[in-house]
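# kindly return the folded structure for what I paste below:
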Amino acid sequence: MADQTHVLFVEDDDVIREATQLALERDGFAVTAMPDGLSGLEAFRADRPDIALLDVMVPGLDGVSLCRRIRDESTVPVIMLSARADSIDVVLGLEAGADDYVTKPFDGAVLVARIRAVLRRFGHASGGERPHEDAAAVTGGMLTFGELEIDTEGMEVRRSGQPVGLTPTEMRLLLEFSSAPGTVLSRDKLLERVWDYGWGGDTRVVDVHVQRLRTKIGQDRIETVRGFGYKLKA
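As a prediction, the model looks like this:
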């Protein structure tokens, strides 16, 4: 298991849980599958998986609450699974700290592709891609926007001298904005660059992550340009 990507999968439907576990294992993942949120939380704490797949509607501790508990303890990537593309389910999961979501019923190949996209993104966020160096006032690997400081080498952010805790997805989103301050980035472009979508995705993922990022770095730092997208104020 040490050489495999470890997936925590929480799903109460026995058929879906077993079929998905087998499909993921055939693709080379090590899978811990749990039928409810409480056992899922215990497994997360015991095993520290590389990624968590959480169904929204599971007994004991629902998927959104489980996501919040995981996010309180870790920045491990989380993908929510929902039986419907309901706006409330999607937004609640993303606001709880999920990085992406997949609607059921899903194709196994699509799920694997989304898992790998998230894992690639997290690998980059832990020390890979860097913004363009003409983006702002730069000292070494430091970008400065007023009270906001971004260390692109140490992957750390400070606001008024205080550390800001970002998930890897939030960090990639901020790095994308900071690479072109004052430039409007469309939601589709952000989905392509930050979420690694080579196909159309749900722009609600972008909107919720932008709002989460604003609460951490300042509501006025990222501006909405209606009809076009978002831009970082230089």
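# excluding sequence neighbours, find me the nearest residue to residue 120.
residue 196 (5.9 Å; Cβ to Cβ, 6 or more residues apart in numbering). C-betas here are computed from N, CA, C, even on glycine.
# isn't the one you found right next to residue 117, touching?
Yes - assessed by Cβ atoms under 8 Å, residue 196 is found in contact with residue 117 at 4.3 Å.
# and the helix or strand that residue 158 is a member of, what other elements does it pack with?
Element membership of residue 158, judged by DSSP states H and E, is strand 156-159. Judged by 3 or more Cβ pairs under 8 Å, 6 or more residues apart in numbering; DSSP states H and E, the packing partners of strand 156-159 are strand 148-151, strand 162-164, helix 204-217.
# possible to save these as TSV with mean pLDDT?
Below are the helices and strands packed on strand 156-159 laid out as TSV (pLDDT from 0 to 100):
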stretch	mean pLDDT
strand 148-151	92
strand 162-164	93
helix 204-217	94
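# out of these, which gets nearest to residue 44?
Across these, residue 44 has its closest neighbour in helix 204-217 (21.0 Å, Cβ to Cβ).
# so who does the residue nearest the centre of the chain touch?
The residue lying closest to the centre of the chain (Cα atoms, centre = their mean) is residue 99, at 2.3 Å. Residues near residue 99 by Cβ atoms under 8 Å, 6 or more residues apart in numbering: 77-79, 118, 121, 167-169.
# try it again at 6 Å.
Contacts for residue 99 (Cβ atoms under 6 Å, 6 or more residues apart in numbering) come out as 77-78, 118, 169.
# sitting in strands, which of those do you find?
residue 78 (DSSP state E).
# now tabulate the contacts of residue 99 in TSV and tack on distance to residue 228 and neighbour count.
Shown next, in TSV, are these (distance: Cβ to Cβ, whole Å; neighbours: other Cβ atoms under 10 Å):
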residue	distance to residue 228	neighbour count
77	29	23
78	29	28
118	27	21
169	22	25
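# the contacts of residue 99: which two are farthest apart?
Longest span within the contacts of residue 99, Cβ to Cβ: 78 and 169, 9.7 Å.
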